[in-house]
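In: pasted the sequence and its predicted model underneath.
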Amino acid sequence: NAGVTQTPKFQVLKTGQSMTLQCAQDMNHEYMSWYRQDPGMGLRLIHYSVGAGITDQGEVPNGYNVSRSTTEDFPLRLLSAAPSQTSVYFCASRPGTQKSEAFFGQGTRLTVV
Amino acid sequence: DAKTTQPPSMDCAEGRAANLPCNHSTISGNEYVYWYRQIHSQGPQYIIHGLKNNETNEMASLIITEDRKSSTLILPHATLRDTAVYYCIVRLPLGETSGSRLTFGEGTQLTVNP
């Protein structure tokens, strides 16, 4: 049981490049979400999904797209990377129950130059 | 979701209890209080949560005031490995759109000193 797996762990992009951050969970969790973490700002929600085929925007969705074609996977796409997207990205999942805890991946450290 | 207020930093001696406060004066009756922590360079880790009653598990205790406007996370015997940023979060229950989110503030940096 791997939990929440994020790949890659580290990535450097040039401005304007596109890439996809991968997130997979093997716990059959309904809810999945993406956060970014910047110094002094805590974790901010980018996008989230309450189940396969359903996604919604969080606090800071601009510049990011997501899809949820399966329960297990929730990729985050940067279509045209900008230096402002330099951050640490965390994916999380939790069961669809009222009092459930969230499980986080180990993060992807992205640098856009 | 209700906003929370936490002190930016706290220190604690190893082996002593660490008491981390959180104010959530605008909490609504059906919002839960959650605590997570984040050790440097790792993903956040769930600690404990509660609604009205005090809760205890193998990691910590959660004390929620009777009016639910504040809570305290207690680490009974802090160790050096408990040095982390601790986040207090309030969340709506399932069924509310925002209930799927966890809104993180800046948290409290707890430093456990030898």
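Out: In hand now; what should we look at?
In: A:S33 versus A:V66, what's the distance?
Out: 9 Å (Cβ to Cβ, to the nearest Å). To be clear about C-beta, it is placed using only N, CA and C from the backbone, and glycine gets the same treatment.
In: swap that for A:F104, please
Out: 10 Å.
In: tell me which of the two has more neighbours.
Out: Using other Cβ atoms under 10 Å in any protein chain shown as the criterion, A:F104 and A:S33 rank with A:S33 on top: 27 against 24.
In: what residues are up against that one?
Out: A:45-49, A:58, A:74, A:91-93, A:102, B:100-102 (Cβ atoms under 8 Å, 6 or more residues apart in numbering or on different chains).
In: which one in these is the model shakiest on?
Out: Taking the contacts of A:S33 together, the minimum pLDDT is found at B:S100 (52).
In: want to try a markdown table for the contacts of A:S33, with secondary structure, neighbour count and distance to A:T111 as columns?
Out: Shown next, in a markdown table, are the contacts of A:S33 (DSSP: H, G, I helix; E, B strand; the rest coil; neighbours: other Cβ atoms under 10 Å in any protein chain shown; distance: Cβ to Cβ, whole Å):
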| residue | secondary structure | neighbour count | distance to A:T111 |
| --- | --- | --- | --- |
| A:L45 | strand | 22 | 21 |
| A:I46 | strand | 23 | 17 |
| A:H47 | strand | 23 | 21 |
| A:Y48 | strand | 25 | 25 |
| A:S49 | strand | 21 | 26 |
| A:G58 | coil | 20 | 22 |
| A:F74 | coil | 29 | 22 |
| A:C91 | strand | 27 | 18 |
| A:A92 | strand | 28 | 22 |
| A:S93 | strand | 26 | 25 |
| A:A102 | coil | 24 | 26 |
| B:S100 | helix | 25 | 29 |
| B:R101 | coil | 22 | 27 |
| B:L102 | coil | 26 | 25 |
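In: give me the common contacts of A:F104 and A:S33.
Out: Common contacts of A:F104 and A:S33, defined by Cβ under 8 Å, 6+ apart, comprise A:C91, A:A92.
In: low-confidence stretches in the chain?
Out: If you meant another chain, say so; for now it's chain A. A:1, A:97-99 (pLDDT under 70).
In: try chain B instead
Out: In chain B, residues with pLDDT under 70: B:1-2, B:92-101.
In: what about the closest residue in space to B:V85 that isn't next to it in sequence, how many residues nearby?
Out: Nearest non-adjacent residue to B:V85, counting by Cβ to Cβ, 6 or more residues apart in numbering or on different chains: B:G107, 4.3 Å away. For B:G107, the neighbour count with other Cβ under 10 Å is 26.
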